[in-house]
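A.B. asks: with the input below, show me the fold.
(one chain, ligands or ions: 1)
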Amino acid sequence: MRNVTLILDDGSRFSGKSFGYEKPVAGEVVFNTAMTGYPESLTDPSYAGQLMTLTYPLVGNYGVPPFTIEPNGLATFMESEKIHAEAIIVSDYSYEYSHWNAVESLGDWLKREQIPGITGIDTRELTKVLREHGVMMGKIVFDDEPDNVPEAAYAGVNYVDRVSCKEIICYLPAGTSQTFSVNSSYAQLNSQFSTFNSQFKKVVLVDCGVKTNIIRCLLKRNVEVIRVPWDYDYNGLEFDGLFISNGPGDPDTCDAAVQNIRKAMANEKLPIFGICMGNQLLSKAGGAKIYKLKYGHRSHNQPVRMLGTERCFITSQNHGYAVDNNTLSADWEPLFINMNDGSNEGIKHKKNPWFSAQFHPEAASGPTDTEFLFDEFVKLL
Ligand SMILES: NC(=O)CC[C@H](N)C(=O)O
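C.D. replies: Residues are numbered from 1 along each chain as shown. Model (predicted):
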């Protein structure tokens with residue numbers, strides 16, 4: 001096992017051993033305090049550009065599920081088609097694994113996907129450094145050779161463009177899908193969609209790096225999902241609702257998506273629902289501003305209160321940016337507030353059927369308590 005060092009931008013160094021692919025990497029170092037869910041988190045496209053630290057010490061003990069693909073092209077047990085995090089940082093990697101659905105070890109999966117994994121890191125100490133200083137860029141070097149690490153930037157980089165789909169993919173609740181070119185005319189697409197199937201309500205899903213469980217949650221509720229690239233102008237299509245997905249990086253780099261949402265808002269009756277990056281882009285379309293949190297929210301136990309009620313939900317989260325509540329215009333109000341730090345966890349329009357959540361109602365992984373938000377959205381269609 002080769003020696004590895006994690007070097008943070010402030011000069012802090014952490015020594016460990018490699019258990020994944022051996023390649024120097026750099027990225028934003030973030031921490032996640034969930035106790036489980038590494039297959040889902042690693043394949044969540046929102047982690048692109050980030051080195052993911054897990055604070056729960058024992059990692060790998062339940063192995064990795066098979067990478068089977070459903071007839072509609074979606075992975076059965078993963079949140080996308082590959083690992084998106086740049087690396088995983090753990091305290092105590094378990095070389096042995098046991099689970100009814102495991103087919104390989106975490107280390108073998110990382111090697112196959114060419115993603116570094118490092119163990120033996122004091123992740124408590126590392127997390128304290130990140131909490132004090134805020135998230136930082138960092139690099140993983142092998143055998144103390146810092147020279148060959150590729151340059152990396154996080155702030156200001158449009159990661160959404162790297163992970164979004166490139167074509168239009170239409171999914172039916174029955175479990176099939178069909179791909180269409182973004183160069184087709186609206187007339188062509190509209191007639192193809194209705195030939196493809198007209199019995200279901202149609203939801204345009206703006207793919208900023210969508211997790212598969214969001215698509216599953218929509219399909220389960222019997223809607224047809226028209227997944228489009230993040231910057232595609234869907235406003236010429238015929239559809240019943242607009243969904244804006246989660247995604248990696250800085251929302252301020254996604255202007256094209258914000259412009260398209262603004263255009264869609266010309267129809268005040270169109271139901272709109274956004275999750276995570278979707279909350280940030282909907283807020284921007286409504287005129288609000290985004291800021292970067294010191295060290296983000298990444299865990300399965302973030303408490304949020306639904307405004308105007310005494311209801312508190314425990315939610316799954318993975319975000320580094322937040323909507324500034326003070327910049328919401330008079331037409332909007334916060335829908336959820338984080339009970340740990342008072343930050344925004346969702347917004348809603350006062351008159352129109354437009355709302356969003358900063359957390360992950362689709363879970364995968366994490367608690368499913370807020371999955372009812374999908375029901376609310378589908379009821380509006
Ligand atoms: N999961 C997400 O959609 C994250 C949104 C955004 N990239 C953030 O970090 O805040």
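
A.B. asks: can we go C-alpha only for contacts and neighbour counts from here?
C.D. replies: Fine.

A.B. asks: just say helix, strand or coil for Arg216.
C.D. replies: The three-state assignment at Arg216 reads helix, by DSSP: H, G, I helix; E, B strand; the rest coil.

A.B. asks: next, name the residue at the spatial heart of this protein.
C.D. replies: Central residue of the chain (CA atoms, centre = their mean): Ser46, 3.5 Å from the mean position.

A.B. asks: I'd say it and Pro251 touch.
C.D. replies: No. Judged on CA atoms under 8 Å, Ser46 makes no contact with Pro251 at a distance of 11.5 Å.

A.B. asks: coming back round to it: which residue is the nearest non-sequential neighbour of the residue nearest to the centre of the chain?
C.D. replies: Spatial nearest neighbour of Ser46, excluding adjacent residues (CA to CA, 6 or more residues apart in numbering): Pro248 at 3.8 Å.

A.B. asks: so that neighbour touches Glu28, yeah?
C.D. replies: No. Counting by CA under 8 Å, Pro248 sits too far from Glu28 to count as a contact (11.6 Å).

A.B. asks: more neighbours: which of the two?
C.D. replies: Pro248 (30 against 22; other CA atoms under 10 Å).

A.B. asks: mind listing what that one touches?
C.D. replies: 45-49, 159-160, 208-209, 277 (CA atoms under 8 Å, 6 or more residues apart in numbering).

A.B. asks: now do 6 Å
C.D. replies: Each residue near Pro248 by CA atoms under 6 Å, 6 or more residues apart in numbering is listed here: 46-48, 159-160.

A.B. asks: swap in Pro24?
C.D. replies: 140-141, 149.

A.B. asks: try 10 Å this time
C.D. replies: By CA atoms under 10 Å, 6 or more residues apart in numbering, the residues touching Pro24 are 4-6, 86-87, 115-116, 139-142, 145-150.

A.B. asks: again, but for Ala285
C.D. replies: By CA under 10 Å, 6+ apart, the neighbours of Ala285 are 255, 257-263, 265, 279.

A.B. asks: let's go with 6 Å and repeat that
C.D. replies: Under the criterion of CA under 6 Å, 6+ apart, the contact list for Ala285 reads 258, 262.

A.B. asks: so which bits of the host helix or strand of Tyr295 are buried?
C.D. replies: Here Tyr295 sits within strand 290-306, counting by DSSP states H and E. For strand 290-306, burial by neighbour count (16 or more other CA atoms under 10 Å) applies to 290, 292, 295-306.

A.B. asks: what's the closest of the residues you listed to Lys82?
C.D. replies: Arg298 (20.0 Å; CA to CA).

A.B. asks: surely that closest one meets Met35?
C.D. replies: No. Using CA atoms under 6 Å, Arg298 is not in contact with Met35; the gap is 11.2 Å.

A.B. asks: with only the CA atoms kept, save the least confident helix or strand in the chain by mean pLDDT in CSV.
C.D. replies: When each helix and strand of the chain is scored by mean pLDDT, DSSP states H and E, helix 186-196 comes last, with a mean of 86. Output in CSV follows, covering the C-alpha atoms of helix 186-196 (Å, rounded to 0.1, in the frame of the first residue of the first chain):
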residue,chain,number,x,y,z
TYR,A,186,-39.9,21.9,-31.3
ALA,A,187,-42.6,20.7,-33.7
GLN,A,188,-40.7,17.5,-34.4
LEU,A,189,-40.1,16.9,-30.8
ASN,A,190,-43.7,17.6,-29.7
SER,A,191,-45.1,15.2,-32.2
GLN,A,192,-42.5,12.6,-31.3
PHE,A,193,-43.2,12.9,-27.6
SER,A,194,-46.9,12.6,-28.1
THR,A,195,-46.4,9.6,-30.4
PHE,A,196,-44.1,8.2,-27.8
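
A.B. asks: please point out which parts of that helix sit buried.
C.D. replies: So, applying 16+ other CA under 10 Å, buried residues of helix 186-196: 189-190, 193.

A.B. asks: quick one: contacts of it?
C.D. replies: So helix 186-196 is contacted by 236-237 (CA under 6 Å, 6+ apart).

A.B. asks: pLDDT of the next helix-or-strand element following that helix, averaged?
C.D. replies: Moving toward the C-terminus from helix 186-196, the next helix or strand (DSSP H and E) is strand 201-207. For strand 201-207, mean pLDDT is 97.

A.B. asks: check stretch 103-123 too.
C.D. replies: Throughout stretch 103-123, pLDDT has a mean value of 98.

A.B. asks: over to stretch 223-238?
C.D. replies: For stretch 223-238, the mean per-residue pLDDT is 97.

A.B. asks: what of stretch 148-168?
C.D. replies: For stretch 148-168, the per-residue pLDDT averages 94.

A.B. asks: which of the contacts of Pro24 are buried?
C.D. replies: 4-6, 86-87, 115-116, 139-142.

A.B. asks: about what we covered before: give me the three-state assignment for the residue nearest to Ser46.
C.D. replies: Counting by three-state DSSP, the backbone at Pro248 sits in coil.

A.B. asks: per-residue confidence for it?
C.D. replies: 98.

A.B. asks: contact residues of the stretch 151-300 of the chain facing the ligand?
C.D. replies: 246-250, 276-277 (CA under 6 Å from any ligand atom).
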